[in-house]
Each structure stands twice: as C-alpha cells, then as structure tokens.
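Undergrad: Give me a model of this one.
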Amino acid sequence: MNVHFIAIGGSAMHNLALALHQKQDTVTGSDDTIHEPSKSRLENKGLLPKEMGWFPEKINSNIDAVILGMHAKEDNPELLKAQELGLKIFSYPEFLFDQSKEKTRVVIGGSHGKTTITSMILHVMNYHNVQVDYMVGAQLEGFDTMVHLTSDNEFIVLEGDEYLSSPIDRRPKFHLYKPHIALLSGIAWDHINVFPTFENYTEQFKIFVDSVKKGGMLVYYTGDTLLKKTVLDSENPIKKYGYNTISHTIENGITYLLSEEGKVPVHVFGEHNMQNLAGAQWICQLMGVDKSDFIEAIASFSGASKRLEKLSENDTSVLFKDFAHSPSKVKATVEAVKSQHPNREVVACLELHTYSSLNAKFLKDYKDTLNQADEAIVFYSPHAVAIKGLEEVTEKQIREAFQKEGLHVFTNSTDFKEFIEKKDFDNTALLLMSSGNYGGLNLEDLARRFS
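TA: The predicted structure follows:
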C-alpha cells in the first residue's frame, strides 16, 4: 500500500507509520512540528518529512490511504486535496479496524488502567511466544513500536481510547473497533472538553458495550457500580465476566501474588494494579493462556512507560513518575505508593496540565485525592490556562478543591524547581504525577539524588 499520514509526528501516528514501514508498505507524511522521540525514530527509518508544513502537492491519486491525525485541522490543505481527489481517508482507529477485519479483535477500555492492562496482556503473550498484532499507548520493554500489524496473526490487542477519532470524525476511538473480546476497567468522568456532562461521557461506554460483536465476551470490573450497571443493563447478547482484585499481600515493601504455587513477587503494586492484573488474567485466559502460565509471565512485568515508573532508588528513598492526571488516577496512584511504602514519607507532586484538570468547574473532583500523601504539592501554569482559553484558576480555588492540609501550590516553574531541588528526600517516596513535563524539571538530575 501507499499510505500518507497527515500529522505523522504524533505519538500514536508515528508508531503506526513505523509499523506500516516494517510491513513493507510505502509511507509518506507531513506535519508542522515534530518533537522527540518521534523525530529521531522517523528519521532513523527515512520517514521524517524533509521540511515542516503542509504540502498539497504530496497528495496524488497513487495514494491508497490517507490517515488523518487529531493534530490536523478540518481545513488542512492536504486533507482538502485528498477530499478533492476522492481518496480514502481514515482516522487512526478506522485504519486499525480496516487492517484487522479478519482477526479476533481484543479491545481494552475504561477511564483508567487501559494502557497498563494492555501492556500486561502483551507482556504475557510475548513471554509465551504467542504472536499477536497490537496497539498500545506506551512504549514497552522488549517491543520496538507501540503498533504492530501483520497479515498472519490471529489476534489483535487494541487499547480502546474514548477520545475522538479525528478532526472530521467525532466518534470516540473505541466505538470503531467492534471487538470480539473486550474489557472495561471503570468509568470516571474525563475529557470534559468534548464530553461536557457526566451523562454524555458515560453514554460512550454504553455504546461501547453494545458494539461488542454478538456472541462475544466482555470482562468488567465489578467494584465500579456504574460500570457494573452499564454492563448488566445492556441487552447485547454477549458473555459477561466480572473481576475484582487479584489475591495478594505486601511484605517489607514487596507485593506478592497469592497463587496455587505459592507467593509470587511482582514489580507492580497498588490496589488499582491488582485490579488491572485480575482483568489482564481474564483476557489472557480467553486468549488461551491459563492462570499458572499468566502468573509465571507477569512476575517479570516491570510496568508500562510513565505508569508508576520507578526512576531511581537507594537504601532509604525512591523516586516514581506517573502519567496520572485525572482525579481517580491521582487518588489511586498516591494510595498505591503509600501502601507499598508505609514507613516512608510520601511526597506527592501533581502538575495540573490537561484541559480537564485546569477547568475551574472540574477542580472540585480532586477533593481528598492527595490525602494519603504526607506532603503534597500542586503545580500549574497560569499561562497554560490562558492558552487553553479557560477562565483563570486561583491558588485559593486549588486549596479549596483539594482540601489537603499544608498543601503547597506553585504557579511559577522556577519556584517549583527550587523547592524540589532544596528538599531533603531522606526516607522518602517522591511521586511526580503529570501528563506534562513537571514545569521543565530535570528528571535525570533529580534521579541521581536517589541513586
């Protein structure tokens, strides 16, 4: 195939481009800005555009498929040219579905945990040499790309994001996959810029449940009452399997799974991850891997990139970073670190960075999310609020929203970095949470203090 990417530099888009290049397809693309690591990875395969910008002359009738990324706009010159020529234009999820029509589609969805659960499943399959196609939202150890497509593999495992598909396709991505096997980890309001009400957001999950192929299978977390009701209320003729939390214990800062073979130590920890493991185990069983083989494989799973990732550790202290930004994820992540390190001072730093987290109306949902931290810090940039066109968020609003005694609030990146640099982290578990860059904090320098 000849495939052209409009906005090739995105995290998901460039990984798909690399996967198609590996599949021997002819790949071209454009973008107006490309950052690392996308830039180097594309350049290494000869796929980096020679110059930044949009060039309608790149679009011609020899192109079999145009893939449109979310970064592009509806009036993108290359998109307009493709529409004028009548070329087949795919959103990212549309293309993945098109490439997997003859495969058994396994889709992992939910407001939280989907990247981790997908990563767990892929790790287990890779450990047991079960070849599957996949798309996951994080870089995994032992995997070259976040997307893999073949003509031969029976299964494709897809992370099912509820965000919009493309600038011209406003459907959530996970509505397009039509899975044979699916998992939902929970429902917690997110992406309020496109789902302005809680009811509007939850409706997307009802549609997803009904999109599972007739006779298919849905695995769901029973501890979420809203999710449980959504699944059980659906009249879609599918098999429904509930899961809760995998049996485990914590001893001396190490989490052990309790299996028929005895206690098995694992690298991941926290209540949410124990739920994620239970869900992943169910999916692996439905894909042909039994419980004992799952436990054997998962013992070597070190986690998905940016998901409770341990950056550095010494005899007395440890440094974690995590992608957590929504209230439910923040609360679960802080509680996970505290439960794993009960005898250490847990210092939790949260950067409010996303559209939802910087929205004054949404802030109240952060109440009590940092309560398990011994010391809590919130950093946000008023400039980022202005760029997103949101109303001003004040320090007073932050304090009233979190209701955490002694909360430190920083709006200046220099002040935030100085605070971190001067702090004594002896006998501390430091947790950095953000989908941004922590105000430009030098993580390598910080990690050296914990090594």
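
Undergrad: Could you verify that Arg399 is part of a strand?
TA: No: with DSSP: H, G, I helix; E, B strand; the rest coil as the criterion, Arg399 is assigned helix and is not in a strand.

Undergrad: so how far is Ile398 from the residue nearest to it when sequence neighbours are not counted?
TA: In this structure, Arg399 finds its nearest non-sequential neighbour in Leu407, 5.8 Å apart by Cβ to Cβ, 6 or more residues apart in numbering. Placement of C-beta: from N, CA and C, glycine included. For Leu407, the distance to Ile398 (Cβ to Cβ, to the nearest Å) stands at 7 Å.

Undergrad: what sits in contact with each of the two?
TA: Common neighbours of Leu407 and Ile398, using Cβ atoms under 8 Å, 6 or more residues apart in numbering, are Val378.

Undergrad: More neighbours: these two, which one.
TA: A side-by-side neighbour count of Leu407 and Ile398, using other Cβ atoms under 10 Å, places Ile398 first with 21 against 18.

Undergrad: Tell me if I'm right that that one and Leu363 touch.
TA: Yes: if you go by Cβ atoms under 8 Å, Ile398 and Leu363 touch, sitting 7.1 Å apart.

Undergrad: what's the span of stretch 246-264, first residue to last?
TA: 12 Å (Cα to Cα, to the nearest Å).

Undergrad: For Gly253, see how far away the residue nearest the centre of the chain is.
TA: The centroid of the chain falls nearest to Thr115 when counting by Cα atoms, centre = their mean (4.5 Å). To Gly253, Thr115 is 25 Å away according to Cβ to Cβ.

Undergrad: go on, Ala19?
TA: To Gly253, Ala19 is 38 Å away according to Cβ to Cβ.

Undergrad: Between these two, point out the one with more neighbours.
TA: Between Ala19 and Gly253, counting by other Cβ under 10 Å, Ala19 is the more crowded of the two (23 against 14).

Undergrad: could you list every residue that touches the residue lying closest to Leu363 once chain neighbours are set aside?
TA: Leaving aside its chain neighbours, Leu363 sits nearest to Ala401 (3.8 Å; criterion: Cβ to Cβ, 6+ apart). For Ala401, the contact set (Cβ under 8 Å, 6+ apart) comprises Leu363, Lys364, Tyr366, Lys367.

Undergrad: What is the burial count for the third one?
TA: What that stands for is Tyr366. Other residues close to Tyr366 by other Cβ under 10 Å number 21.

Undergrad: Specify which residues of the chain, grouped into ranges, have pLDDT under the cut-off.
TA: Low-confidence segments of the chain (pLDDT under 70): 355, 388.

Undergrad: Can you list the buried residues in the lengthiest helix in it?
TA: The residue-count maximum for a helix in the chain (DSSP state H) belongs to helix 271-286. Buried residues in helix 271-286, counted by 16 or more other Cβ atoms under 10 Å: 272-284, 286.

Undergrad: which helices and strands sit right next to it?
TA: Packing contacts for helix 271-286, counted by 3 or more Cβ pairs under 8 Å, 6 or more residues apart in numbering; DSSP states H and E, involve strand 104-109, helix 114-127, strand 181-184, strand 217-221, strand 239-243, helix 291-298, helix 327-340.

Undergrad: Now do that helix and strand 239-243, the angle between them.
TA: On the basis of axes from the mean of the first three to the mean of the last three Cα atoms, to 10 degrees, helix 271-286 is oriented at 140 degrees to strand 239-243.

Undergrad: and helix 271-286, how far out from the chain's middle?
TA: Distance, stretch centre to chain centre, for helix 271-286: 16 Å (Cα atoms, centre = their mean, to the nearest Å).

Undergrad: Same question for stretch 124-138.
TA: 16 Å.
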